[in-house]
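> Using only what follows, build the 3D model:
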Amino acid sequence: MIKTNIWFGFIVIMTWIMISATNIDLFKTVAIKAGYLIFPEEGNKDIYILKSGEPLLLEQPGSYWMSYDGYMESRNNIHLMTSKAIEDGDFLMKMKLELDSCKSSVRIMAGDNQLGINLMSDDVPEGLYFEGPSLGKTIHKETDLKDILPTNKTITLEIWFEDDLIECKIEGISVLSASVVHKSFGRIGLNGWIEDGYFRVYEWIINAELVSLEQCYSRERLLNRAQRSVDLKAEEVKDDPNRPAYHIQPPANWNNDPNGTLFYNGYYHVFYQHNPFDDQWNWMHWGHVRSKNLVEWEI
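Numbering: from 1, shown residues only. Model (predicted):
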């Protein structure tokens, strides 16, 4: 009995020593298997979102994804989002992927911008496109994707965001780039659908400062970004002779669909749908004006 207790004590002590020697490696392995990742506290480092088909930073991977040796695959709908977000700043996102489909539309989200890969969709011409609030528009490149994104072949796709430029590279060659109005921030993810084929991801890495969703999507931050965009555009269009001088309108960019018309505390109020980032319908917000006489309106 005494020998058994001695051996048990020896095993406990040695186990504690090995865990201490490996620092947090054992805990990190367990955390990765559980679907979470321990983040570095300082500096930007390569952080795996997905490695060898194992989701490390994805929130509840959809059941429609099938995990095989070395990759994750979807043959229908795609909806994957990270549990953390890109902070306002430069970043690099790199993916090793494979696409084999006659008809598909896949969007790779990098903060508040996204790269669209479109094959034979009815809504958008075939090719690549960038769009998002940081761009304030859609940048489209119509092309035969087989020329730059061959099927049944693993390729490396990179999305760079540096200074005032966002750029997509495939196998190290720049295929699409655009200047931006604001720094990008937000979640990372995949959205879209696949028909008659598959979409595989072998590896997915982000080099960026990552923060919690609560830090990223604060109400004040989102409103400030929208207001900055409107203010910048308002300077460009304020002297445009074609702007209506009588009807309700925001200082710049898209508005439609008045809602919530009411009279309260001596003012008539009108709310309306508003895109603060572009002069087309997208990224909808609420706008608000009020008036005492239904002629002179204030924002």
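> Which secondary structure element is home to the nearest residue to residue 274 once chain neighbours are set aside?
Distance criterion C-beta to C-beta, 6 or more residues apart in numbering; nearest residue to residue 274, sequence neighbours excluded, is residue 287 at 3.6 Å. All C-beta spots, glycine's among them, are computed from the backbone N, C-alpha and C. Following DSSP states H and E, one finds residue 287 within strand 285-291.
> Quick one: residues in contact with that strand.
With contact meaning C-beta atoms under 8 Å, 6 or more residues apart in numbering, strand 285-291 is reached by 226, 248, 250, 255, 267-276, 297-299.
> same thing but at 7 Å, please
Strand 285-291 is touched from outside by 226, 248, 250, 255, 267-272, 274, 276, 297-299, with contacts defined as C-beta atoms under 7 Å, 6 or more residues apart in numbering.
> And the strands in the stretch 151-299 of the chain?
Secondary structure of the stretch 151-299 of the chain by DSSP state E, counting those that start in this stretch: the strands cover 155-162, 165-170, 173-179, 186-207, 210-211, 254-264, 267-275, 285-291, 297-298.
> just to revisit the earlier point, may I see the buried residues of the strand holding residue 287?
Within strand 285-291, the residues that qualify as buried are 285, 287, 289-290, counting by 16 or more other C-beta atoms under 10 Å.
> what's the answer for stretch 92-109, then?
Neighbour-count burial for stretch 92-109, counted by 16+ other C-beta under 10 Å, picks out 92-101, 104-109.
> Same check on stretch 291-299?
Residues residue 297 are the ones in stretch 291-299 that count as buried (16+ other C-beta under 10 Å).
> what distance separates that stretch from the middle of the whole chain?
38 Å (C-alpha atoms, centre = their mean, to the nearest Å).
> what is the mean pLDDT for it?
Average pLDDT, stretch 291-299: 90.
> And stretch 208-218, by the same measure?
The pLDDT scores in stretch 208-218 average 88.
> Now tabulate the strands of the stretch 151-299 of the chain in CSV and tack on distance to residue 87.
As requested, the strands of the stretch 151-299 of the chain are exported to CSV (distance: least, C-beta to C-beta, whole Å):
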stretch, distance to residue 87
strand 155-162, 11
strand 165-170, 16
strand 173-179, 21
strand 186-207, 10
strand 210-211, 5
strand 254-264, 28
strand 267-275, 24
strand 285-291, 22
strand 297-298, 35
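> still on that earlier bit, which ones among the buried residues of stretch 92-109 lie within helices?
With DSSP state H as the criterion, helices contain none of the buried residues of stretch 92-109.
> just those residues now: which is nearest residue 142?
Ranked by distance to residue 142 (C-beta to C-beta), the buried residues of stretch 92-109 are led by residue 105 at 14.4 Å.
> correct me, but the closest one touches residue 194?
No - using C-beta atoms under 7 Å, residue 105 and residue 194 do not qualify as a contacting pair, with a distance of 8.7 Å.
> sorry, back to before: how far does the strand holding residue 287 sit from the chain's center?
Centroid displacement of strand 285-291 relative to its chain, using C-alpha atoms, centre = their mean, is 28 Å.
> So the closest residue to residue 249 other than its chain neighbours versus residue 277, what's the distance?
If you skip the residues right next to it in sequence, residue 249 has residue 255 as its closest partner in space, 6.0 Å away by C-beta to C-beta, 6+ apart. Here the criterion is C-beta to C-beta, to the nearest Å. By it, residue 255 lies 12 Å from residue 277.
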